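In: how would this look folded up:
(2 chains)
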Number of protein chains: 2
Amino acid sequence: MGINVINFQEKFSKFHERLEYKIIAAMNDYHFKLVRSYGDFVWHSHPETDEVFVVIEGDYRIDLRDKSLHLKTGEMVVIPKGVEHKPCAAKECKILLIEPAGTLNTGDAGGELTKTDLEWI
Amino acid sequence: MGINVINFQEKFSKFHERLEYKIIAAMNDYHFKLVRSYGDFVWHSHPETDEVFVVIEGDYRIDLRDKSLHLKTGEMVVIPKGVEHKPCAAKECKILLIEPAGTLNTGDAGGELTKTDLEWI
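Out: Got it, this is the predicted structure:
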C-alpha cells in the first residue's frame, strides 16, 4: 500500500451501516477504525488493552461503573484495560477507535453485537 | 490518574510555543502528543516504528523522497517505520502525534530540534 492521506469524513461517506467497524489505517500492530455508533452498547471491558475513542462528529456518552463521560466533537478518552464501560449514542455519532489489531468490540462480554473480520475501507 | 475527557483545542490553549511537544494521553505504551508545528522540519525517519500525524487544525505538508502529502484539518497519515519524511507548515498548524512513548521527534537525524523530557499537560 502507498502512503496516503486519510480524510475521516470522506471515509465515513463510504458506509452508512451503524455498529459496523471499518479499518482505515494500521500503525505497527494497532488499528484505526471508524464506527457509526448509535444506541446503547453492552457493558464490557478489554482485559488486555487500553482503548481510545475519538469523537469525529456528534455527542457521545461512555458510562463507567462510577460515572458517565460526555464527549463531543474534537474530544477523546482513553479507557484503561480492564475497566468496564458502556458506550451510548442518543443520536448517531461518528467515532474513531484506536486499539491493537484484533481487539473485539464487545471485549470480554461477547454476544450478538460482536464483529469480526472487519473490512478495510 | 482518573479517566477524563480530553479536548484537543482546550489542551492547545495551554501552550503557545512552537515545536514543543506536549503529552496529553497514554494508551498502553503509546503516547498522544500535541505540537504547534511551524516552518520546515528536518528530514528524518524512525527506524523502529510507524508514526501517525493527525491534523487538528491547519494545513500541513509532509514531504517524502518521492512525493509530498498535503493534509488539512480532519485528516491523518501513517508514516511507516524507516520512511524518510520532512514536515512543513507554512502557517502554524495544530498536530496530534501518536507513536510509542519515547519516540524522538527528530528520529535518526538528531540535532538541535530534538526534544526530550516532554511535559504532560
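
In: what parts of chain A come near chain B?
Out: Chain A comes close to chain B at residues A:3-9, A:25-28, A:30, A:32, A:49-52, A:56, A:64, A:69-71, A:74-81, A:83, A:98-100, as judged by Cβ under 8 Å from any Cβ of the partner chain. C-betas here are computed from N, CA, C, even on glycine.

In: next step: these restricted to strands.
Out: Residues of the residues of chain A next to chain B located in strands (DSSP state E): A:6-7, A:25-27, A:30, A:32, A:51-52, A:56, A:64, A:69-71, A:75-79, A:98-100.

In: just the buried residues of these.
Out: Listed as buried from those are A:6-7, A:25-27, A:30, A:32, A:51-52, A:56, A:64, A:69, A:71, A:75-79, A:98-100; burial here means 16 or more other Cβ atoms under 10 Å in any protein chain shown.

In: identify the residues contacting the residue nearest to the spatial centre of chain A.
Out: Ranked by distance to the mean C-alpha position of chain A (Cα atoms, centre = their mean), the top residue is A:Leu97 at 3.7 Å. Contacts for A:Leu97 (Cβ atoms under 8 Å, 6 or more residues apart in numbering or on different chains) come out as A:Tyr21, A:His31, A:Phe32, A:Lys33, A:Leu34, A:Val35, A:Glu51, A:Val52, A:Phe53, A:Val54.

In: 10 Å instead?
Out: By Cβ atoms under 10 Å, 6 or more residues apart in numbering or on different chains, A:Leu97 lies in contact with A:21, A:23, A:31-35, A:37, A:51-54, A:87, A:103, A:105.

In: quickly list what it is bridged to.
Out: A:Lys33, A:Phe53 (DSSP bridges).

In: per-residue pLDDT of it, please?
Out: Looking at A:Leu97, its pLDDT reads 98.

In: with A:Gly2 instead?
Out: At A:Gly2, pLDDT is 88.

In: over to the one 10 residues further on?
Out: For A:Phe12, the model assigns a pLDDT of 98.

In: and it, backbone torsions?
Out: Dihedral angles of A:Phe12 (phi, psi; degrees, to the nearest 10) stand at phi -60, psi -30.

In: wait, it sits on A:Lys22?
Out: Yes: contact status for A:Phe12 versus A:Lys22: in contact at 8.7 Å, counting by Cβ atoms under 10 Å.

In: can you check which residues contact both of these two?
Out: A:Leu34, A:Val35, A:Arg36, A:Ile121.

In: may I have the helix or strand encompassing the second one as CSV, with CA atoms only?
Out: Read it as A:Val35. Element membership for A:Val35 (DSSP states H and E) is strand A:30-40. Only the C-alpha atoms of strand A:30-40 are listed here, as CSV (Å, rounded to 0.1, in the frame of the first residue of the first chain):
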residue,chain,number,x,y,z
TYR,A,30,-2.6,-1.1,16.1
HIS,A,31,-5.7,-0.4,14.0
PHE,A,32,-7.6,2.8,13.4
LYS,A,33,-11.3,2.0,13.0
LEU,A,34,-14.4,4.1,12.2
VAL,A,35,-17.8,3.3,13.5
ARG,A,36,-21.2,5.0,13.3
SER,A,37,-22.3,4.4,16.9
TYR,A,38,-25.9,4.5,17.8
GLY,A,39,-27.9,3.5,20.8
ASP,A,40,-26.8,1.7,24.0
